[in-house]
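> compute the structure for the input listed below.
(one chain, ligands or ions: 2)
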Amino acid sequence: MTEIIPGVYQIKTPLPSKDILFGYVNAYAVRGESRYLLIDTGLNTEEAFNSLEKQLADIDIGTEDISQIVVTHIHPDHYGLAGRLKQISGAKIATHHLEKKLIDSRYVHMDALLRQVVSWLHINGVPDEILPELQAASVGMAKFVVPAMPETILYGGETISNGLFSFEVLWTAGHSPGHISLYEPNKKILISGDHILPTITPNIGLHPQSGDNPLDDYLNALNEIKKLDAKIVLPGHENPFTGLKSRIDELFQHHSQRKSEILNSIRSEHKTACRIAAEIPWMLDMGGAKWKDLTPRDKRLAVLEAIAHLESLRVEGKIGKFSSDGIIYYQSI
Ligand SMILES: [Zn+2]
Ligand SMILES: [Zn+2]
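Ligands and ions are numbered 1, 2, ... in the order given. Coordinates of the predicted model:
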């Protein structure tokens, strides 16, 4: 636990493997006049729950002192413990309305979504022989979440106050359709969730629940965030950092580089998103990796990320697509 500024505490809770996102996710506890606001929660594992409880105890608060949990997005590492904490503390949960819509299909009745994702990967060119392993990579995440419906539905533009801090809710879609960030204009702090991380570029994928053009949603949201006068950024992974505007420039650069690689890849022949994903480099922020070395989970994310870039290029009028025998191909125009 680290006190970032007076009254705002970074709480790192463990992920199951050190290889995933440096092995931890951040929650932030914010002191209020009587009780505490918690932003994100960590995964639903005993290790993460015990770690959160212990770090709260270090600042003399118990889980029952949390009055509100604001969830930046409903990925398991951010939302996993929300239901369990609500049961203990009676805390009210707040999420964006587009995240609320995903809770049931992701964590309660998952079969329909799993089928949709398989057919989405298939029509985007994932070969039948690797389809089962890419599908299996998303099964099992539900155990990391105690689902609970939010009481407070956010749209962006609201203010969340606890007497000592007032956060503006900013809708920052892209990584997840209803991702939100929180900005405290008096203290000049930005809580960025997975929208902006100091060295990792967050995954932006196009899939059955992402919306039609998540990459443009993401870049547009970055442009809005760039106008803020934030002195320090509190991200969902890694550590708080300064230099928001230059980090945003790096993220723009990253996505325009990826778009050029994709354009090059289809210059001479039309290809499926999966074939393109298999030909361009990945994990650039971690030294680069080839398709064959990616885990099944990362292969799935790579295909979805390739589709997000392809659709953004198509909207720009730089490429076209067609389907043949039920498979989608992209081509330069
Ligand atoms: Zn996430
Ligand atoms: Zn995350």
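> how about the residues of the stretch 201-333 of the chain by ligand 2?
Within the stretch 201-333 of the chain, the positions adjacent to ligand 2 are Gly236 by C-beta under 5 Å from the ion. Using the backbone N, CA and C atoms, a C-beta is placed for each residue, glycine as well.
> and the residue of the stretch 201-333 of the chain closest to ligand 2?
Distance from ligand 2 to each residue of the stretch 201-333 of the chain (C-beta to the ion) is smallest for Gly236, at 4.7 Å.
> low-scoring stretches of the chain, by residue?
For the chain, residues meeting the criterion pLDDT under 70 lie at 285-286.
> now the helices for it?
46-58, 76-79, 82-89, 97-107, 111-123, 131-136, 214-225, 244-265, 273-279, 296-315 (DSSP state H).
> restricting to C-alpha, output the shortest one in PDB.
It stands for helix 76-79. Output in PDB follows, covering the C-alpha atoms of helix 76-79 (Å, rounded to 0.1, in the frame of the first residue of the first chain):
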ATOM      1  CA  PRO A  76     -12.100  -9.700 -13.900                       C
ATOM      2  CA  ASP A  77      -8.900  -8.000 -12.600                       C
ATOM      3  CA  HIS A  78     -10.900  -4.800 -11.900                       C
ATOM      4  CA  TYR A  79     -14.300  -6.000 -11.000                       C
END
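> count the neighbours of Ala57 for me.
12 (other C-beta atoms under 10 Å).
> that older thread, just name the most buried of the helices of the chain.
Sort those by mean neighbour count, taking mean count of other C-beta atoms under 10 Å, and helix 76-79 sits at the top with a mean of 27.
> in contact with the residue of the chain positioned farthest from its centre, which residues are there?
Each residue of the chain has a distance to the centre, and by C-alpha atoms, centre = their mean the biggest one is for Ser268: 34.0 Å. Shown in contact with Ser268 (C-beta atoms under 8 Å, 6 or more residues apart in numbering): no residues.
> against Arg275, how distant is it?
Distance of Ser268 to Arg275, given as C-beta to C-beta, to the nearest Å: 13 Å.
> near ligand 1, which residues of the chain?
For the chain, the residues in contact with ligand 1 (C-beta under 5 Å from the ion) are His75, Asp194.
> tell me the bridge partners for Tyr183.
For Tyr183, the beta-bridge partners are Glu168, Leu190 (DSSP bridges).
> ok, it - how many residues close by?
Per other C-beta under 10 Å, the neighbour tally for Tyr183 reads 20.
> now do His237
Here the number of neighbours of His237 (other C-beta under 10 Å) works out to 22.
> list the contacts of it.
Contact partners of His237, counting by C-beta under 8 Å, 6+ apart, are Leu21, Phe22, Tyr24, Val25, Asn26, Asp194, Leu197, Ile200.
> ok, now with 10 Å
Contacts for His237 (C-beta atoms under 10 Å, 6 or more residues apart in numbering) come out as 12, 15, 20-26, 77-78, 193-194, 197-200, 202.
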